[in-house]
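Colleague: coords below, sequence missing:
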């Protein structure tokens, strides 16, 4: 989903077909905060390749390292012990921060989160836009839906499942 599509959906959700500039001016900040918060529940995973002669520096958008892979196999999951040494060539899998959304962000810029997570961001933006209104019913409704969307995102099983062979007794 693009930033422009998400803005349109949020405005339609609030029934703001002709929004005033005071509302549209707030949208980039709300979308940025919402995308960054939702990305904590539904992570954005990226990889970075390291060669023997490349500096061992985390990528700028790294929120948290996840695993070190060599030839596609995990050799170390984060956090690893202090005595562990990195191989010469490896791939780092890490949880990334989404790009910052500003007033200059193009409507064609894709959101970096999944489609399910984008729906939560739209609800977050709708709630934030209604937060300071005199009638709090709309804020309460949008915020409750946002909390439900976050609960659905955080309910996912993280990590790798391990199947225990039949011959092993527990």
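Modeller: Yep, it's here. Fair warning: this is a prediction, and the values are worked out from it, not measured in the lab.

Colleague: and the longest strand for the chain?
Modeller: strand 62-70 (DSSP state E).

Colleague: Name the strands paired with the helix or strand following that strand and say parallel or antiparallel.
Modeller: Later in the chain than strand 62-70, the nearest helix or strand by DSSP states H and E is strand 73-77. Sheet pairing of strand 73-77 (DSSP bridges) gives strand 62-70 (antiparallel).

Colleague: Now do the buried residues in the strand it pairs with.
Modeller: 62-63, 65-69 (16 or more other C-beta atoms under 10 Å). Using the backbone N, CA and C atoms, a C-beta is placed for each residue, glycine as well.

Colleague: closest to residue 85 among those?
Modeller: residue 68 (10.5 Å; C-beta to C-beta).

Colleague: Neighbours of the nearest residue to the closest one once chain neighbours are set aside, how many?
Modeller: Nearest residue to residue 68, sequence neighbours excluded (C-beta to C-beta, 6 or more residues apart in numbering): residue 76, at 4.2 Å. Neighbour count of residue 76, defined by other C-beta atoms under 10 Å: 18.

Colleague: Residue 76 and residue 65 touch, don't they?
Modeller: No - here residue 76 lies out of contact with residue 65, judged by C-beta atoms under 8 Å, at a distance of 9.5 Å.

Colleague: For the chain, which segments count as strands?
Modeller: For the chain, the strands defined by DSSP E occupy 44-50, 62-70, 73-77, 90-96.
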